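**Q** Test case, fold it:
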Amino acid sequence: METVTPQEPSGTTCPPPTRWGICSAGKISHDFLVALRTLPAEEHLAVAVAARELSRAQQYAQLHGVARAYGSYEELARDPEVDVVYVGTVNPQHLPDTLLFLRARKAVLVEKPMGISAREAKEMAAAAREAGVFLMEGFWTRFFPAWKRLKALVDEGALGECRVLQGALAFPLRSVERVREPSLAGGALLDLGGYALQMASALLGRGCPPLRLRAEGCLHPSGVDETVTVTLQYEGGKQAAMTVSMDAKMPGGAVLGGTRGWVEIPSHLNCPTELIWEGKREVFPLPPPAEPLNFPNSTGLRYEAQHVRECLLKGLTESPVMPLAESELIAEMMDEARRQVGAVGPGGTVP
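**A** You can find the predicted model right below:
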(Lines give C-alpha, C1' and ligand atoms only; values in the text may rest on other atoms or scores of the structure.)
Protein backbone atom coordinates (compact mmCIF):
# COMPACT_ATOMS: atom_id res chain seq x y z
CA MET A 1 0.00 0.00 0.00
CA GLU A 2 1.42 3.37 -1.01
CA THR A 3 2.20 5.93 1.68
CA VAL A 4 2.65 9.66 1.66
CA THR A 5 4.33 12.02 4.11
CA PRO A 6 2.50 11.64 7.43
CA GLN A 7 0.49 14.55 8.78
CA GLU A 8 2.04 14.09 12.23
CA PRO A 9 5.00 16.38 12.99
CA SER A 10 8.27 15.03 14.30
CA GLY A 11 9.16 14.85 17.97
CA THR A 12 6.68 14.60 20.81
CA THR A 13 4.46 17.48 19.71
CA CYS A 14 0.79 16.54 19.51
CA PRO A 15 -0.48 16.28 15.93
CA PRO A 16 -2.51 19.25 14.73
CA PRO A 17 -6.26 18.83 14.20
CA THR A 18 -7.45 17.23 11.00
CA ARG A 19 -9.10 20.07 9.08
CA TRP A 20 -12.30 19.02 7.33
CA GLY A 21 -13.97 20.61 4.33
CA ILE A 22 -17.61 19.69 3.74
CA CYS A 23 -18.82 19.28 0.17
CA SER A 24 -22.59 19.88 0.08
CA ALA A 25 -25.03 21.33 2.56
CA GLY A 26 -27.46 18.42 2.57
CA LYS A 27 -28.93 16.21 5.27
CA ILE A 28 -26.08 13.72 5.58
CA SER A 29 -23.50 16.51 5.73
CA HIS A 30 -25.45 18.02 8.62
CA ASP A 31 -25.27 14.72 10.48
CA PHE A 32 -21.56 14.38 9.73
CA LEU A 33 -20.87 17.81 11.20
CA VAL A 34 -22.91 16.98 14.30
CA ALA A 35 -20.90 13.76 14.65
CA LEU A 36 -17.60 15.66 14.31
CA ARG A 37 -18.59 17.83 17.26
CA THR A 38 -18.66 14.73 19.49
CA LEU A 39 -14.90 14.39 18.91
CA PRO A 40 -12.15 16.49 20.53
CA ALA A 41 -11.74 19.87 18.83
CA GLU A 42 -7.97 19.47 19.05
CA GLU A 43 -8.28 16.43 16.75
CA HIS A 44 -11.09 17.32 14.32
CA LEU A 45 -12.06 20.72 13.02
CA ALA A 46 -14.55 21.62 10.28
CA VAL A 47 -13.03 24.68 8.62
CA ALA A 48 -15.05 25.16 5.41
CA VAL A 49 -18.32 24.16 3.77
CA ALA A 50 -19.30 24.47 0.12
CA ALA A 51 -22.65 24.35 -1.64
CA ARG A 52 -23.88 25.22 -5.13
CA GLU A 53 -25.47 28.36 -3.69
CA LEU A 54 -23.39 30.66 -1.48
CA SER A 55 -26.37 31.64 0.68
CA ARG A 56 -27.01 27.98 1.47
CA ALA A 57 -23.37 27.43 2.41
CA GLN A 58 -23.39 30.56 4.59
CA GLN A 59 -26.50 29.42 6.45
CA TYR A 60 -24.94 26.03 6.99
CA ALA A 61 -21.64 27.49 8.17
CA GLN A 62 -23.43 29.73 10.67
CA LEU A 63 -25.51 26.83 11.99
CA HIS A 64 -22.47 24.60 12.52
CA GLY A 65 -19.89 27.19 13.52
CA VAL A 66 -17.75 26.68 10.40
CA ALA A 67 -15.39 29.53 9.58
CA ARG A 68 -15.61 29.68 5.77
CA ALA A 69 -18.45 29.20 3.28
CA TYR A 70 -18.08 28.79 -0.48
CA GLY A 71 -20.61 28.97 -3.30
CA SER A 72 -18.73 26.45 -5.43
CA TYR A 73 -16.87 23.20 -4.87
CA GLU A 74 -13.95 24.55 -6.88
CA GLU A 75 -13.33 27.18 -4.20
CA LEU A 76 -13.30 24.49 -1.53
CA ALA A 77 -10.78 22.50 -3.58
CA ARG A 78 -8.48 25.55 -3.66
CA ASP A 79 -8.63 26.16 0.11
CA PRO A 80 -5.06 25.53 1.37
CA GLU A 81 -6.25 24.99 4.95
CA VAL A 82 -8.38 21.90 4.15
CA ASP A 83 -6.74 18.52 4.76
CA VAL A 84 -9.63 16.23 3.83
CA VAL A 85 -13.00 16.68 2.18
CA TYR A 86 -16.20 14.87 3.11
CA VAL A 87 -18.26 14.43 -0.08
CA GLY A 88 -21.95 14.16 0.78
CA THR A 89 -23.50 15.10 -2.56
CA VAL A 90 -26.15 13.05 -4.40
CA ASN A 91 -24.98 9.78 -5.96
CA PRO A 92 -24.37 10.95 -9.56
CA GLN A 93 -22.12 13.75 -8.29
CA HIS A 94 -19.74 11.51 -6.38
CA LEU A 95 -17.51 10.90 -9.39
CA PRO A 96 -16.97 14.50 -10.58
CA ASP A 97 -16.78 15.91 -7.06
CA THR A 98 -14.31 13.30 -5.82
CA LEU A 99 -12.10 13.72 -8.89
CA LEU A 100 -12.12 17.49 -8.37
CA PHE A 101 -10.71 17.16 -4.86
CA LEU A 102 -8.26 14.36 -5.65
CA ARG A 103 -6.80 16.45 -8.47
CA ALA A 104 -6.42 19.29 -5.98
CA ARG A 105 -4.52 16.81 -3.79
CA LYS A 106 -7.13 16.79 -1.06
CA ALA A 107 -7.79 13.57 0.85
CA VAL A 108 -11.39 12.43 0.32
CA LEU A 109 -14.00 10.57 2.35
CA VAL A 110 -16.86 10.02 -0.11
CA GLU A 111 -20.28 8.82 0.92
CA LYS A 112 -21.38 5.40 -0.27
CA PRO A 113 -21.88 4.35 -2.98
CA MET A 114 -18.46 5.55 -4.12
CA GLY A 115 -19.77 5.56 -7.68
CA ILE A 116 -23.03 4.62 -9.35
CA SER A 117 -21.23 1.88 -11.28
CA ALA A 118 -18.07 -0.20 -11.10
CA ARG A 119 -16.65 1.91 -13.91
CA GLU A 120 -16.99 5.05 -11.79
CA ALA A 121 -15.58 3.39 -8.67
CA LYS A 122 -12.56 2.16 -10.62
CA GLU A 123 -12.00 5.60 -12.13
CA MET A 124 -11.95 7.23 -8.71
CA ALA A 125 -9.68 4.54 -7.25
CA ALA A 126 -7.28 4.88 -10.17
CA ALA A 127 -7.18 8.66 -9.80
CA ALA A 128 -6.39 8.37 -6.09
CA ARG A 129 -3.64 5.82 -6.68
CA GLU A 130 -2.11 7.88 -9.47
CA ALA A 131 -2.13 11.06 -7.36
CA GLY A 132 -0.98 9.27 -4.21
CA VAL A 133 -3.87 10.85 -2.29
CA PHE A 134 -6.06 9.23 0.37
CA LEU A 135 -9.52 8.07 -0.70
CA MET A 136 -12.06 6.01 1.22
CA GLU A 137 -15.68 5.06 0.62
CA GLY A 138 -17.85 5.93 3.61
CA PHE A 139 -19.04 2.53 4.74
CA TRP A 140 -19.33 3.80 8.30
CA THR A 141 -20.60 0.40 9.48
CA ARG A 142 -17.09 -1.01 9.64
CA PHE A 143 -15.99 1.46 12.30
CA PHE A 144 -18.83 1.06 14.81
CA PRO A 145 -17.77 -0.59 18.09
CA ALA A 146 -20.56 -3.17 17.67
CA TRP A 147 -19.23 -4.12 14.24
CA LYS A 148 -15.68 -4.36 15.57
CA ARG A 149 -16.92 -6.70 18.29
CA LEU A 150 -18.71 -8.84 15.68
CA LYS A 151 -15.62 -8.94 13.49
CA ALA A 152 -13.44 -9.90 16.47
CA LEU A 153 -15.75 -12.83 17.29
CA VAL A 154 -15.42 -14.02 13.69
CA ASP A 155 -11.66 -13.54 13.51
CA GLU A 156 -10.96 -15.33 16.79
CA GLY A 157 -13.07 -18.32 15.71
CA ALA A 158 -15.78 -17.94 18.36
CA LEU A 159 -18.45 -18.95 15.81
CA GLY A 160 -16.36 -21.71 14.28
CA GLU A 161 -16.40 -21.59 10.50
CA CYS A 162 -18.91 -18.98 9.36
CA ARG A 163 -21.39 -20.51 6.93
CA VAL A 164 -24.62 -18.53 6.66
CA LEU A 165 -25.50 -14.84 6.69
CA GLN A 166 -29.07 -13.56 6.50
CA GLY A 167 -30.23 -9.98 6.72
CA ALA A 168 -32.77 -7.42 5.60
CA LEU A 169 -32.65 -3.63 5.51
CA ALA A 170 -35.82 -1.76 4.54
CA PHE A 171 -37.24 1.73 4.88
CA PRO A 172 -40.38 3.28 3.32
CA LEU A 173 -38.58 5.59 0.88
CA ARG A 174 -40.83 5.59 -2.21
CA SER A 175 -41.63 9.29 -1.73
CA VAL A 176 -37.97 10.32 -1.38
CA GLU A 177 -36.83 11.85 -4.67
CA ARG A 178 -33.16 10.85 -4.47
CA VAL A 179 -34.18 7.20 -3.98
CA ARG A 180 -37.09 7.19 -6.43
CA GLU A 181 -35.61 8.87 -9.49
CA PRO A 182 -33.33 7.12 -12.03
CA SER A 183 -31.66 10.46 -12.86
CA LEU A 184 -30.42 10.63 -9.25
CA ALA A 185 -29.17 7.02 -9.33
CA GLY A 186 -31.95 5.94 -7.02
CA GLY A 187 -33.11 2.48 -6.04
CA ALA A 188 -32.85 0.22 -3.03
CA LEU A 189 -29.56 -1.33 -4.10
CA LEU A 190 -27.61 1.91 -4.55
CA ASP A 191 -29.14 3.38 -1.40
CA LEU A 192 -29.11 0.36 0.92
CA GLY A 193 -27.64 -2.60 -0.93
CA GLY A 194 -24.03 -1.64 -0.35
CA TYR A 195 -24.47 -2.23 3.37
CA ALA A 196 -25.63 -5.78 2.73
CA LEU A 197 -22.93 -6.51 0.17
CA GLN A 198 -20.11 -5.11 2.28
CA MET A 199 -21.30 -7.27 5.17
CA ALA A 200 -21.21 -10.44 3.07
CA SER A 201 -17.84 -9.44 1.62
CA ALA A 202 -16.28 -8.81 5.03
CA LEU A 203 -17.71 -11.78 6.94
CA LEU A 204 -17.89 -14.52 4.31
CA GLY A 205 -15.89 -13.43 1.28
CA ARG A 206 -13.02 -11.81 3.17
CA GLY A 207 -12.67 -9.39 0.26
CA CYS A 208 -12.84 -12.09 -2.43
CA PRO A 209 -15.60 -12.18 -5.06
CA PRO A 210 -18.46 -14.65 -4.68
CA LEU A 211 -18.58 -17.76 -6.83
CA ARG A 212 -22.16 -16.91 -7.78
CA LEU A 213 -24.50 -13.97 -7.37
CA ARG A 214 -28.24 -14.17 -7.95
CA ALA A 215 -30.61 -11.22 -7.62
CA GLU A 216 -34.38 -11.21 -7.78
CA GLY A 217 -36.67 -8.29 -7.18
CA CYS A 218 -39.27 -5.87 -8.37
CA LEU A 219 -39.06 -2.39 -9.83
CA HIS A 220 -40.63 0.93 -8.90
CA PRO A 221 -42.77 2.48 -11.69
CA SER A 222 -39.88 4.90 -12.32
CA GLY A 223 -37.65 1.95 -13.26
CA VAL A 224 -35.36 1.87 -10.21
CA ASP A 225 -35.18 -1.29 -8.13
CA GLU A 226 -37.67 -1.25 -5.27
CA THR A 227 -37.15 -4.54 -3.41
CA VAL A 228 -34.30 -6.94 -4.13
CA THR A 229 -32.97 -10.14 -2.57
CA VAL A 230 -29.37 -10.99 -3.40
CA THR A 231 -27.98 -14.47 -2.79
CA LEU A 232 -24.21 -14.86 -2.73
CA GLN A 233 -22.31 -18.14 -2.70
CA TYR A 234 -18.68 -18.24 -1.60
CA GLU A 235 -16.04 -20.95 -1.52
CA GLY A 236 -16.44 -23.57 1.17
CA GLY A 237 -20.24 -23.68 1.04
CA LYS A 238 -20.69 -20.22 2.53
CA GLN A 239 -23.89 -18.42 1.57
CA ALA A 240 -25.48 -15.02 2.19
CA ALA A 241 -29.08 -14.00 1.51
CA MET A 242 -29.67 -10.27 1.87
CA THR A 243 -32.83 -8.27 1.15
CA VAL A 244 -33.12 -4.51 0.70
CA SER A 245 -36.29 -2.53 0.08
CA MET A 246 -37.48 1.04 -0.28
CA ASP A 247 -41.10 -0.07 0.09
CA ALA A 248 -41.28 -1.54 3.61
CA LYS A 249 -40.23 -0.89 7.18
CA MET A 250 -38.10 -3.50 8.91
CA PRO A 251 -35.75 -3.46 11.93
CA GLY A 252 -32.70 -4.02 9.73
CA GLY A 253 -31.40 -7.09 11.50
CA ALA A 254 -28.87 -9.70 10.43
CA VAL A 255 -27.78 -13.12 11.72
CA LEU A 256 -24.43 -14.78 11.10
CA GLY A 257 -24.23 -18.52 11.73
CA GLY A 258 -21.13 -20.64 12.13
CA THR A 259 -20.36 -24.25 12.88
CA ARG A 260 -20.09 -23.50 16.62
CA GLY A 261 -22.44 -20.63 17.22
CA TRP A 262 -24.30 -17.59 15.93
CA VAL A 263 -24.38 -13.85 16.52
CA GLU A 264 -27.19 -11.44 15.73
CA ILE A 265 -27.42 -7.74 14.97
CA PRO A 266 -31.05 -7.20 16.01
CA SER A 267 -31.49 -3.89 14.16
CA HIS A 268 -29.72 -1.30 12.02
CA LEU A 269 -27.21 -3.60 10.35
CA ASN A 270 -25.85 -0.48 8.63
CA CYS A 271 -25.15 1.32 11.94
CA PRO A 272 -25.37 -1.25 14.74
CA THR A 273 -25.27 -0.40 18.43
CA GLU A 274 -25.99 -3.86 19.89
CA LEU A 275 -25.27 -7.56 19.41
CA ILE A 276 -26.79 -10.75 20.72
CA TRP A 277 -24.08 -13.31 21.37
CA GLU A 278 -24.56 -16.57 23.30
CA GLY A 279 -28.01 -15.36 24.33
CA LYS A 280 -26.66 -12.16 25.88
CA ARG A 281 -27.26 -8.66 24.60
CA GLU A 282 -24.20 -6.44 24.32
CA VAL A 283 -24.89 -2.71 23.95
CA PHE A 284 -22.54 -0.09 22.50
CA PRO A 285 -24.17 3.31 23.12
CA LEU A 286 -23.45 6.32 20.94
CA PRO A 287 -22.72 9.81 22.25
CA PRO A 288 -25.82 12.03 22.19
CA PRO A 289 -26.07 14.60 19.39
CA ALA A 290 -25.96 18.30 20.15
CA GLU A 291 -28.61 18.90 17.47
CA PRO A 292 -31.40 16.82 15.91
CA LEU A 293 -30.23 14.29 13.32
CA ASN A 294 -31.69 13.37 9.95
CA PHE A 295 -30.80 9.68 10.07
CA PRO A 296 -30.66 7.04 12.84
CA ASN A 297 -27.45 6.67 14.85
CA SER A 298 -25.67 9.36 12.85
CA THR A 299 -23.31 10.35 15.64
CA GLY A 300 -21.68 7.04 14.70
CA LEU A 301 -20.18 8.87 11.73
CA ARG A 302 -17.57 9.95 14.27
CA TYR A 303 -15.91 6.54 14.06
CA GLU A 304 -15.11 6.72 10.35
CA ALA A 305 -13.85 10.27 10.85
CA GLN A 306 -11.51 9.01 13.58
CA HIS A 307 -10.28 6.27 11.25
CA VAL A 308 -9.58 8.74 8.45
CA ARG A 309 -7.50 10.85 10.82
CA GLU A 310 -5.55 7.77 11.92
CA CYS A 311 -4.83 6.89 8.29
CA LEU A 312 -3.68 10.42 7.45
CA LEU A 313 -1.39 10.55 10.49
CA LYS A 314 0.19 7.29 9.33
CA GLY A 315 0.62 8.64 5.80
CA LEU A 316 -1.68 6.03 4.23
CA THR A 317 -3.35 6.63 0.89
CA GLU A 318 -6.15 4.15 1.52
CA SER A 319 -7.80 2.43 4.46
CA PRO A 320 -6.74 -1.06 5.50
CA VAL A 321 -10.28 -1.56 6.83
CA MET A 322 -12.16 -0.31 3.75
CA PRO A 323 -9.60 -0.67 0.93
CA LEU A 324 -10.23 0.62 -2.55
CA ALA A 325 -10.08 -2.86 -4.08
CA GLU A 326 -13.04 -3.89 -1.93
CA SER A 327 -14.98 -0.78 -2.91
CA GLU A 328 -14.41 -1.76 -6.53
CA LEU A 329 -15.57 -5.32 -5.81
CA ILE A 330 -18.74 -4.15 -4.06
CA ALA A 331 -19.49 -1.87 -7.02
CA GLU A 332 -19.08 -4.82 -9.40
CA MET A 333 -21.51 -6.90 -7.34
CA MET A 334 -23.93 -3.98 -7.28
CA ASP A 335 -23.76 -3.65 -11.07
CA GLU A 336 -24.50 -7.35 -11.50
CA ALA A 337 -27.44 -7.33 -9.08
CA ARG A 338 -28.94 -4.25 -10.74
CA ARG A 339 -28.43 -5.79 -14.17
CA GLN A 340 -30.20 -9.00 -13.18
CA VAL A 341 -33.31 -7.17 -11.91
CA GLY A 342 -33.27 -4.65 -14.78
CA ALA A 343 -32.87 -1.53 -12.66
CA VAL A 344 -32.71 1.75 -14.58
CA GLY A 345 -30.15 4.44 -13.81
CA PRO A 346 -29.35 7.94 -15.12
CA GLY A 347 -30.21 8.30 -18.81
CA GLY A 348 -32.43 5.23 -18.69
CA THR A 349 -29.45 2.89 -18.73
CA VAL A 350 -29.24 -0.58 -17.19
CA PRO A 351 -25.81 -1.72 -15.88
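
**Q** now the helices for this protein?
**A** 27-36, 54-64, 73-78, 94-103, 118-131, 145-155, 177-180, 188, 194-200, 301-313, 324-341 (DSSP state H).

**Q** Same list (those helices) but as JSON lines, adding distance to Arg19.
**A** Just so you know, the C-beta spots here come from the backbone N, C-alpha and C atoms, and that holds for glycine as well. Formatted as JSON lines, these follow (distance: least, CB to CB, whole Å):
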{"stretch": "helix 27-36", "distance to Arg19": "11"}
{"stretch": "helix 54-64", "distance to Arg19": "14"}
{"stretch": "helix 73-78", "distance to Arg19": "12"}
{"stretch": "helix 94-103", "distance to Arg19": "13"}
{"stretch": "helix 118-131", "distance to Arg19": "19"}
{"stretch": "helix 145-155", "distance to Arg19": "26"}
{"stretch": "helix 177-180", "distance to Arg19": "29"}
{"stretch": "helix 188", "distance to Arg19": "36"}
{"stretch": "helix 194-200", "distance to Arg19": "28"}
{"stretch": "helix 301-313", "distance to Arg19": "10"}
{"stretch": "helix 324-341", "distance to Arg19": "23"}
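
**Q** how about the strands of this structure, start to end?
**A** Ranges of strands in the chain, per DSSP state E, are 18-23, 44-50, 68-70, 84-87, 107-111, 135-138, 162-170, 212-219, 225-234, 238-245, 254-258, 262-265, 274-277, 280-283.

**Q** okay, the helices of the chain, which one's buried deepest?
**A** Ranked by mean neighbour count under mean count of other CB atoms under 10 Å, the helices of the chain are led by helix 188, which reaches a mean of 30.

**Q** tell me the mean pLDDT for that one?
**A** Regarding helix 188, the rounded mean pLDDT is 98.

**Q** From the contact counts, what lies against it?
**A** strand 225-234 (3 or more CB pairs under 8 Å, 6 or more residues apart in numbering; DSSP states H and E).

**Q** thinking again about what came up before, got the strands of the chain as TSV, with distance to Ala127, mean pLDDT and mean neighbour count columns?
**A** Formatted as TSV, these follow (distance: least, CB to CB, whole Å; pLDDT from 0 to 100; neighbours: other CB atoms under 10 Å):
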stretch	distance to Ala127	mean pLDDT	mean neighbour count
strand 18-23	16	98	26
strand 44-50	20	98	23
strand 68-70	22	98	21
strand 84-87	13	98	25
strand 107-111	10	98	26
strand 135-138	8	98	26
strand 162-170	30	98	20
strand 212-219	27	98	16
strand 225-234	28	98	22
strand 238-245	29	98	23
strand 254-258	33	98	20
strand 262-265	34	98	21
strand 274-277	37	97	17
strand 280-283	40	96	10
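
**Q** Quick check: which of the ones you listed is nearest to Asn294?
**A** Nearest to Asn294 among those is strand 107-111 (13.1 Å), distances taken as CB to CB.

**Q** what's the angle from the closest one to helix 301-313?
**A** Strand 107-111 runs at 150 degrees relative to helix 301-313, counting by axes from the mean of the first three to the mean of the last three CA atoms, to 10 degrees.

**Q** Give me the residues contacting strand 107-111.
**A** Under the criterion CB atoms under 8 Å, 6 or more residues apart in numbering, residues 28, 83-89, 94, 97-98, 101-102, 124, 128, 133-138, 304-305, 308, 312 lie in contact with strand 107-111.

**Q** Same check on stretch 118-138?
**A** Applying CB under 8 Å, 6+ apart, the set of residues contacting stretch 118-138 is 2, 4, 84, 86, 94-95, 98-99, 102-103, 105-115, 304, 307-308, 311-312, 316-319, 322, 324-325, 327-328, 330-332, 334-335.

**Q** if we go to 7 Å?
**A** 2, 4, 95, 98-99, 102-103, 105, 107-112, 114-115, 304, 308, 311-312, 316-319, 322, 324, 327-328, 331-332, 335 (CB atoms under 7 Å, 6 or more residues apart in numbering).

**Q** Please apply the same query to stretch 258-268.
**A** Contacts of stretch 258-268 (CB under 7 Å, 6+ apart): 150, 153, 158-163, 251-256, 272, 274-278, 296-297.

**Q** Please apply the same query to stretch 84-100.
**A** 18, 20-24, 26, 28-29, 32, 73-74, 76-77, 101, 106-111, 113-116, 120, 123-124, 127, 178, 184-185, 190, 308, 312, 346.

**Q** Show me the chain divided up by domain.
**A** Following the TED database, one finds the domains of the chain at 18-140, 145-285+323-341.

**Q** Start and end of the first one, how far apart?
**A** Translated: domain 18-140. End-to-end span of domain 18-140 (CA to CA, to the nearest Å): 18 Å.

**Q** so where's this protein shaky on pLDDT?
**A** 1-12 (pLDDT under 70).

**Q** let's go with 90 and repeat that
**A** Within the chain, the segments meeting pLDDT under 90 span 1-14, 207, 278-279, 347-351.

**Q** For Pro292, find the nearest of the domains of the chain.
**A** domain 18-140 (8.5 Å).

**Q** Centre of the chain to that closest one, how far?
**A** 13 Å (CA atoms, centre = their mean, to the nearest Å).

**Q** what about Phe295, how many residues close to it?
**A** Phe295 is flanked by 14 other residues according to other CB atoms under 10 Å.

**Q** can I assume it is in contact with Ser29?
**A** No - counting by CB atoms under 7 Å, Phe295 stays clear of Ser29, with 11.4 Å between them.
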